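Student: I need the structure of the sequence given here:
(2 chains)
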Amino acid sequence: MNNDETNVIDPKKIIAVNTLTFKQKLMSYFKKPLSLIILLLILAAAAITTVSLIFIVVYILIKGVPNISLDLFSLEYNSENVSLLPAMINTITMTFVSLLIAVPFGIFSAIYLVEYAKRGNKLVGIIRITAETLSGIPSIVYGLFGYLLFVVALGWGYSMLAGAITLAIMILPLIMRTTEEALKAVPDSFREGSFGLGAGKLRTVFKIVLPSAVPGIIAGVILGIGRIVGETAALIFTSGTMPVVPNDLMSSGRTLSVHMYVLASEGLHVDKSYATAVVLLVIVVGINAFSNIIAKKISKGKS
Amino acid sequence: MNKFKEKFMSFVFLFAALASIFSVAMICFFLFANGLPAMKEIGIGKFLLGTEWRPKNDIYGILPMIIGSIYITAGAIIIGVPVGILTAVFMAKYCPRGLYKILKPAVELLAGIPSVIYGFFGLVIIVPFIREHFQGNGFNIVSASVLLGIMILPTIVNVTESSIRAVPDSYYEGALALGATHERSIFLAVIPAAKSGIFAGVILGIGRAIGETMAVIMVAGNQPRIPNSIFKGVRTLTANIVTEMGYAVDLHRGALIATGVVLFVFILIINISFSLLKGRGEKI
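Tutor: Residues are numbered from 1 along each chain as shown, chains lettered A, B, ... in the order given. A predicted model of the protein is given here:
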């Protein structure tokens, strides 16, 4: 990637004849006031973006970290300690069950799209369009759908399973897309080599192609986990808001994000809301950062 | 045996691939099957254009919510799009390498923050700020627009930056060689070439803003009426569903699901225009 600064001035490699000193640059900006204004606007915009991000994160950290207490991690929730531990356990359960459903479906459909579908297959186009549609649907619509299908039509009531399946459908396109990209990045010579040694299609896919695509798939799965942990709107009317660890998947239980929403909208425990926000923020940002690191490692490995 | 396994698994893969089609079909079916009858019972015109939402009197008009969604989305666009595009220009054309290595992950992190956290931030910072420095109680269109404007920044920045980077360097260099300044070259040669990509990013941002639920509920005030000032509270389509779904029954519930249908149709239109624009951008 070329950086423009290096395009204009790169003293190490070339002997530049058209270098501009800082003063000359300044002079030219004063001669062209419009350029100066635009430059200032651009700098201001970049500053706004950076500052608002830093402000959000730092503010919540500063307000929240001192409020984190052992109370918040008690085993039982009550209205005094507003413990987030049950919600945390539910979040882990929810993540696990959703992934259990979404990952096989996501990976298998990606395998179909990349390895099995023939060129010009009309089905592929339809699958891509529907996957794109799925990824654009707002989470509240998923919540409404989950409520109508699982909670009402199937009569499960508010249950963890209803929430998990709803979330699984929500992250399906994400896992499909990342897996598809990872599979496409595997060079054809791998497949040809495997076929050449007499392996069948299935063996080639599972023993050769899939293992080399694993890091890409993992990065996608982790992104999916980030979405599950941060999701609220799709869960309120599917898994409900009970602040307990349910005995089975057919009972209601709130995840950490739902817990955070309930706390914040009740407005009774502002200090504890800050602390909960810190925990949620650290988990989600940590998960996303982890996924980025893995994705970077892969792209480095390729080049 | 092996042949059977191959055949069997290829069907398994096909079956999995059909899952997304099946899901979309199910979502459409359940939303429309539950929402359309209610819409019919209320009367489509009365439902879409009715200015009053009074579930207790069986009056269901969602025009205030449609307008609320449009106002807040427009506000978010007014705030988020200029800042987002200019930030993307900065990242693609001005940013020193060292700073870029910090800024890029920072924008990616901004995209990953859950919407409840944004909402909570809006609740404790933006709402009190507006209450103290402007009028009203702080739960209004402006607060929601500012918050959503921040929330759609990462989407717009990422899409715009990659479409600016996709423009060949020769455009920029050519403009520079003709004597244009750095800014002139960028805004008159590079950005016009990246136009359709940038539009696609803006549309994606609109989709995010219209569909956003939790953050908006926490700061927009949620009064179901057509606002006469930007410092008045509004309710969006998404907020309408979440605030009342918990206790709604019969026609009231049907009306809320029909609200979801309207939202869903909005999003479908936005998505279709996004993929059309993206397709056009790729061809160039």
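
Student: surely B:N34 touches B:L251?
Tutor: No: counting by CB atoms under 8 Å, B:N34 stays clear of B:L251, with 11.7 Å between them. C-beta here means a position set from N, CA and C on the backbone, and glycine is covered the same way.

Student: more crowded one of these two?
Tutor: B:N34 (23 against 16; other CB atoms under 10 Å in any protein chain shown).

Student: and the gap between the more buried one and A:S83?
Tutor: 37 Å (CB to CB, to the nearest Å).

Student: so who does the residue of the stretch 151-300 of chain A found nearest chain B touch?
Tutor: Per CB to the nearest CB, A:G230 is where the stretch 151-300 of chain A lies closest to chain B, at 3.1 Å. Shown in contact with A:G230 (CB atoms under 8 Å, 6 or more residues apart in numbering or on different chains): A:257, A:280, A:284, B:112-117.

Student: which one is it nearest to, not counting chain neighbours?
Tutor: B:P114 (3.1 Å; CB to CB, 6 or more residues apart in numbering or on different chains).

Student: so that neighbour touches A:I228, yeah?
Tutor: No: between B:P114 and A:I228 there is no contact under CB under 8 Å: 10.4 Å.

Student: got the buried residues for the helix or strand hosting A:L43?
Tutor: Per DSSP states H and E, A:L43 falls inside helix A:33-64. Buried positions in helix A:33-64, judged by neighbour count with 16 or more other CB atoms under 10 Å in any protein chain shown: A:35-36, A:38-39, A:41-42, A:45-46, A:48-50, A:52-53, A:56-57, A:60, A:63-64.

Student: report the mean per-residue pLDDT for it.
Tutor: Averaging pLDDT along helix A:33-64 yields 88.

Student: can you check stretch A:268-275 too?
Tutor: The model assigns stretch A:268-275 a mean pLDDT of 82.

Student: which residues does it contact?
Tutor: Taking CB under 8 Å, 6+ apart as the rule, stretch A:268-275 contacts A:60, A:63-65, A:67-69, A:72, A:82, A:260, A:263-264, B:120, B:124.

Student: what comes up buried for that stretch?
Tutor: A:269-270, A:272-275.

Student: ok, now stretch A:65-84?
Tutor: Across stretch A:65-84, burial judged by 16+ other CB under 10 Å covers A:67-68, A:72, A:74, A:77, A:81-84.

Student: most neighbours of all the contacts of A:G230, which one?
Tutor: That'd be B:V116 among the contacts of A:G230, by other CB under 10 Å, with 31 neighbours.

Student: who are the contact partners of the residue in the stretch 1-150 of chain A that chain B sits nearest to?
Tutor: Nearest residue of the stretch 1-150 of chain A to chain B: A:P138, at 2.5 Å (CB to the nearest CB). The contact partners of A:P138, by CB under 8 Å, 6+ apart, come to A:233, B:207, B:210-213, B:238, B:263, B:267.

Student: repeat that for B:K104.
Tutor: Going by CB under 8 Å, 6+ apart, B:K104 touches B:M91.

Student: in a helix, it, correct?
Tutor: Yes: looking at B:K104 with DSSP: H, G, I helix; E, B strand; the rest coil, it is inside a helix.

Student: find the nearest non-adjacent residue to residue 254, please.
Tutor: Since no chain was named, I'll use chain A. Nearest non-adjacent residue to A:R254, counting by CB to CB, 6+ apart: A:T241, 4.8 Å away.

Student: think we crossed wires, I meant chain B
Tutor: That would be B:A38: by CB to CB, 6+ apart, it lies 2.6 Å from B:G254.

Student: what helix or strand is that neighbour on?
Tutor: Going by DSSP H and E, B:A38 is in helix B:2-42.

Student: which residues of the stretch 101-250 of chain A score low on pLDDT?
Tutor: Residue ranges of the stretch 101-250 of chain A with pLDDT under 70: none are present.

Student: let's go with 80 and repeat that
Tutor: A:119-120, A:244 (pLDDT under 80).

Student: so who does B:A194 touch?
Tutor: For B:A194, the contact set (CB under 8 Å, 6+ apart) comprises B:160, B:163-164, B:166-167.

Student: residue nearest the centroid of chain A?
Tutor: The geometric centre of chain A, computed from its C-alpha atoms, lies nearest to A:L223 (CA atoms, centre = their mean), at 3.4 Å.

Student: okay, now the nearest residue to A:A182 once chain neighbours are set aside: neighbour count?
Tutor: Closest residue in space to A:A182, ignoring its immediate chain neighbours: A:G216 at 2.6 Å, by CB to CB, 6+ apart. Other residues lying near A:G216 total 22 when counted by other CB under 10 Å.

Student: buried residues in the helix or strand containing A:G216?
Tutor: Assessed by DSSP H and E, A:G216 sits inside helix A:210-230. Neighbour counts over helix A:210-230 (16+ other CB under 10 Å) mark A:210, A:213, A:215-230 as buried.

Student: endpoints of stretch A:128-146, how far apart?
Tutor: Stretch A:128-146 has an end-to-end distance of 22 Å (CA to CA, to the nearest Å).

Student: so how far is that stretch off the chain centroid?
Tutor: Here stretch A:128-146 is found 15 Å from its chain centre; the criterion is CA atoms, centre = their mean, to the nearest Å.

Student: from B:L99, how far out is A:S252?
Tutor: A:S252 is 47 Å from B:L99, by CB to CB.

Student: neighbour count winner among the two?
Tutor: Shown here are A:S252 and B:L99; by other CB under 10 Å, A:S252 has more neighbours (20 against 14).

Student: most proximal residue of chain B with respect to chain A?
Tutor: B:G211 (2.5 Å).

Student: which residues touch that residue?
Tutor: A:137-141, B:238, B:263, B:267.

Student: between those, which is closest to A:S109?
Tutor: A:I137 (17.3 Å; CB to CB).

Student: and the residue nearest to that closest one when sequence neighbours are not counted, backbone torsions?
Tutor: Closest residue to A:I137 apart from its sequence neighbours, by CB to CB, 6+ apart: B:I267 at 6.2 Å. According to degrees, to the nearest 10, the main-chain angles of B:I267 amount to phi -60, psi -40.

Student: surely B:I267 touches A:G136?
Tutor: Yes: taking contacts as CB under 8 Å, B:I267 lies within contact range of A:G136: 6.0 Å.

Student: what sits in contact with each of the two?
Tutor: Common contacts of B:I267 and A:G136, defined by CB under 8 Å, 6+ apart, comprise B:G207.

Student: helices along chain A, start to end?
Tutor: Taking DSSP state H to define them, one finds helices in chain A at A:4-8, A:22-31, A:33-64, A:85-111, A:122-136, A:139-146, A:160-184, A:188-196, A:201-203, A:210-230, A:233-236, A:256-266, A:270-302.
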